[in-house]
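Student: this one's sequence-less:
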């Protein structure tokens, strides 16, 4: 088992996994942790992502500055819309949440929540041993160093800077991409290099689910099964009753997908273990950490009246250390509330699922083209974005539509309220009331467009 905790005052709070970034290759770690960063000296990003840019830090090659943007991405198509203020909202949530993960007090609250939950005694005991015991004593190890104060340039590790910025500083980690190998007219991905390395981002995304949403992959799989197969699937998931949409599960479950293949791909636990390059014990520890980290986010959101259904985590390994890495903000989890609308219980999304639903309802032809392009890419082995761009240029599929500015303003309002909550800027009860009002305004938007019946069909609980 890895001894992955060191005192919170050391340089352990750290590693970054920039998505699909060829610049993040193995390197020699600088031992000096930066304490100040002059934002005017950063220059151009070394990497531009769909929702964030990465900057090298002068004289500190082992670290990187993450600049969040207002851009939004859904359906894996890249940046196709902007939500005003979301750059700062994302950066603040990330800094606040990672700071919380590093605090033992957070895990004390998580322990209380787990002990009060209806999960089995066996699962409770399993979750509260191993990595949890170390996090309860020292806090979790993450890639996060702190947020840059926009005025002074100080990198603030604990608490919020006087002048919050869109820049967080994290430790830089190697990212490795499995090469594609031909196999009798098809192809496979080669993960051998992960078994030969001691410092890298684990090539998996860990999805933790506390409940079942209408669009979740596990529910789609469940619906496709026969009755006997459904019972077997319930047993595999540790459930004692049928799975129902928009109901919380008796226990949290998880599933795993590939991270550095051209498209995300669901993988079994056994395949994930082989892909990860980790020992079986370390792999088990990352599973526990993902669930426990999910509980930490759940505890935060519930105080503002939001339900957490699922979220994703990523991890890195560095010798004996296992670390939480990558982004964490409203795009990384599915938080919702319920509203009574026209006699039905409607799910209101406070995450980018709201944008996905908007595109599906307001621009169904474009959404159909996206799905068509993904099927073509899967069969051909070509990158999806390349297939889509070429098809749109040829007129095969519709061009990406412009989002109604009123709807974008509503999303900005929702994310700003979540930012206020994580900052503890106002009482939770006041923010809870404002979040409900934002949901009601979104219902009015769909009603004005004649799309409310379709929204209810999509998101109302039967």
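Tutor: Now that the structure is in, tell me what you want to look at. None of these values were measured; they are calculated from a predicted model.

Student: low-scoring stretches of the stretch 251-400 of the chain, by residue?
Tutor: Along the stretch 251-400 of the chain, the model assigns pLDDT under 70 to no residue.

Student: which stretches of it form helices?
Tutor: With DSSP state H, counting those that start in this stretch as the criterion, the stretch 251-400 of the chain has helices at 269-276, 280-302, 353-362, 364-380, 384-393.

Student: can you list contacts of the first one?
Tutor: Contacts made with helix 269-276 from outside it, assessed by Cβ atoms under 8 Å, 6 or more residues apart in numbering, are listed as 178, 191, 194, 202-204, 256, 258, 267, 280, 283, 286. In this view, the C-beta of every residue, glycine as well, is placed from N, C-alpha and C.

Student: state the pair within those that is farthest apart.
Tutor: Within the contacts of helix 269-276, two members stand farthest from each other by Cβ to Cβ: 178 and 280, at 20.1 Å.

Student: more neighbours: which of the two?
Tutor: Counted by other Cβ atoms under 10 Å, residue 178 and residue 280 do not tie: residue 178 has more neighbours, with 18 against 9.

Student: could you verify my assumption that residue 188 touches residue 181?
Tutor: Yes. Using Cβ atoms under 8 Å, residue 188 is in contact with residue 181, at 5.3 Å.

Student: and the pLDDT for residue 30?
Tutor: pLDDT recorded at residue 30 is 45.

Student: that should have said residue 214, apologies.
Tutor: Residue 214 is given a pLDDT of 83.

Student: looking at the contacts of helix 269-276, which are in strands?
Tutor: The members of those that map onto strands under DSSP state E are 204, 256, 258, 267.

Student: how about JSON lines for those residues, with distance to residue 367 and neighbour count added?
Tutor: Shown next, in JSON lines, are the ones in strands among the contacts of helix 269-276 (distance: Cβ to Cβ, whole Å; neighbours: other Cβ atoms under 10 Å):
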{"residue": "204", "distance to residue 367": "28", "neighbour count": "25"}
{"residue": "256", "distance to residue 367": "26", "neighbour count": "24"}
{"residue": "258", "distance to residue 367": "24", "neighbour count": "20"}
{"residue": "267", "distance to residue 367": "26", "neighbour count": "19"}
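
Student: now do the contacts for the most centrally placed residue in the chain.
Tutor: With distances taken as Cα atoms, centre = their mean, the residue of the chain nearest its centroid is residue 332 (2.5 Å). Contacts of residue 332 were listed using Cβ under 8 Å, 6+ apart, and they are 311-312.

Student: residues in contact with residue 349?
Tutor: 334-336, 357, 459.

Student: distance of it from residue 338?
Tutor: 11 Å (Cβ to Cβ, to the nearest Å).

Student: could you count how many residues lie near residue 198?
Tutor: Residue 198, neighbours per other Cβ under 10 Å, totals 10.

Student: for residue 452, which non-adjacent residue is closest in space?
Tutor: residue 446 (4.5 Å; Cβ to Cβ, 6 or more residues apart in numbering).

Student: residue 293 versus the one you found, what's the distance?
Tutor: Counting by Cβ to Cβ, the gap from residue 446 to residue 293 is 33 Å.

Student: correct me, but residue 198 touches residue 319?
Tutor: Yes. Shown here, residue 198 and residue 319 form a contact pair, counting by Cβ under 8 Å, at 5.4 Å.

Student: now do the strands in the stretch 201-350 of the chain.
Tutor: 204-212, 247-258, 266-267, 307-318, 321-325, 333-341, 344-349 (DSSP state E, counting those that start in this stretch).

Student: pretty sure residue 63 is touching residue 57, no?
Tutor: Yes. If you go by Cβ under 8 Å, residue 63 and residue 57 touch, sitting 5.1 Å apart.

Student: residues shared between the contacts of the two?
Tutor: In contact with both residue 63 and residue 57: 34, 169, using Cβ under 8 Å, 6+ apart.

Student: who has more neighbours, the two?
Tutor: Set side by side, residue 63 and residue 57 show more neighbours around residue 63, with 25 against 19, by other Cβ under 10 Å.

Student: OK, contacts around that one?
Tutor: 14, 30, 33-34, 57, 145, 169-172.

Student: which ones among the residues you listed map onto strands?
Tutor: Per DSSP E, the subset of these in strands is 145, 169-171.

Student: which two from the residues you listed end up farthest apart in space?
Tutor: 169 and 171 (8.4 Å).

Student: what sits in contact with each of these two?
Tutor: 63-64, 145.

Student: all strands for the stretch 51-200 of the chain, in order.
Tutor: 52-56, 63-68, 71-73, 79-82, 144-148, 155-156, 167-171, 180-183, 186-189, 199-201.

Student: most tightly packed of the ones you listed?
Tutor: strand 144-148 (a mean of 27; mean count of other Cβ atoms under 10 Å).

Student: which outside residues touch that strand?
Tutor: Applying Cβ under 8 Å, 6+ apart, the set of residues contacting strand 144-148 is 11, 13-14, 33-34, 37, 39, 63, 65, 91-92, 94-95, 98-99, 102, 154-158, 160-161, 164-165, 167-171.

Student: repeat that with 7 Å
Tutor: For strand 144-148, contacts defined as Cβ atoms under 7 Å, 6 or more residues apart in numbering pick out 13-14, 33, 37, 39, 63, 65, 91, 95, 98, 155-157, 161, 164-165, 167-171.

Student: now the angle from it to strand 167-171?
Tutor: Strand 144-148 runs at 160 degrees relative to strand 167-171, counting by axes from the mean of the first three to the mean of the last three Cα atoms, to 10 degrees.

Student: and residue 242, how far from residue 235?
Tutor: 12 Å.

Student: go on, residue 441?
Tutor: For residue 441, the distance to residue 235 - Cβ to Cβ - is 43 Å.

Student: the more surrounded of these two?
Tutor: When residue 441 and residue 235 are compared for neighbours, residue 441 comes out ahead with 14 against 10, by other Cβ under 10 Å.
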